[in-house]
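J.: Provided below for reference: sequence and predicted model.
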Amino acid sequence: MFAGCPFSIADGEGAPTGRMRSLSSDSRDGKPFQFRLHCMKTLPLTFVRAKSMRHQPTEAERKLWGGLRNRRLADFKFVRQQPVGPYIVDFVCRKEKLIIEVDGATHGNDVDVEYDNRRTCFLERQGYRVHCVDNHVVFTDIGSVLDGIYTVLMRR
């Protein structure tokens with residue numbers, strides 16, 4: 001599936017997101033024991049962290065969420081602070097596979113830029129489009145931010 005990833009997605013029922021492997025030696029009744037192997041799976045701690053982040057949004061995220069929530073933007077459904085693989089994205093429209101990232105001053109140094117590039121590369125390999133918005137623009141011109149997101153959504 002991914003370069004350097006030893007696992008692939010299996011065909012067939014019961015394994016839509018990972019490969020099923022039989023381990024007959026672990027079975028008590030002689031039937032194969034099934035478990036899933038996932039490349040870049042979302043860890044349980046990531047879900048806990050995402051939930052915590054939903055309860056403590058930044059001011060820019062709160063303002064943008066006001067324009068995206070409850071299908072306010074052309075009836076597109078967005079959710080916020082959602083895990084996608086090992087990453088937590090700010091906003092995602094799953095149907096259109098569009099991720100909105102609100103970037104502030106903390107995304108200005110080389111380490112953060114490198115992290116953002118790796119994250120964007122991973123998300124694009126998953127089939128998502130990533131649209132980044134600057135905090136300052138969210139505060140000064142939320143209308144143009146929402147227009148820009150709408151334009152990206154229409155480009156499918």
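T.: Cool, the structure landed.

J.: all contacts plus neighbour counts: C-alpha atoms, from now on.
T.: OK.

J.: what about the strands in this structure?
T.: 19-23, 33-37, 79-84, 87-93, 98-103, 129-134 (DSSP state E).

J.: if we compare those strands, which one ends up closest to residue 73?
T.: Distances from residue 73 to each of the strands of the chain were compared using C-alpha to C-alpha; the shortest belongs to strand 87-93, at 10.8 Å.

J.: Show me what the closest one is packed against.
T.: Of the remaining helices and strands, those touching strand 87-93 by 3 or more C-alpha pairs under 8 Å, 6 or more residues apart in numbering; DSSP states H and E are helix 44-55, strand 79-84, strand 98-103.

J.: what distance separates that strand from the middle of the whole chain?
T.: Put simply, strand 87-93 sits 4 Å off its chain's centre (C-alpha atoms, centre = their mean, to the nearest Å).

J.: Run the angle between that strand and strand 98-103 for me.
T.: For strand 87-93 and strand 98-103, the angle between their directions (axes from the mean of the first three to the mean of the last three C-alpha atoms, to 10 degrees) works out to 120 degrees.

J.: do you know how far the residue nearest to residue 136 when sequence neighbours are not counted is from residue 89?
T.: Distances taken as C-alpha to C-alpha, 6 or more residues apart in numbering put residue 104 closest to residue 136, at 7.6 Å, once the chain neighbours are dropped. For residue 104, the distance to residue 89 equals 14 Å [C-alpha to C-alpha, to the nearest Å].

J.: More neighbours: those two, which one.
T.: residue 89 (21 against 13; other C-alpha atoms under 10 Å).

J.: from what I can see that one touches residue 102, true?
T.: No - between residue 89 and residue 102 no contact is recorded; they are 9.2 Å apart, counting by C-alpha atoms under 8 Å.

J.: quick one: buried residues of stretch 57-71?
T.: Buried residues in stretch 57-71, counting neighbours by 16 or more other C-alpha atoms under 10 Å, are found at 60, 61, 64, 65, 68, 69.
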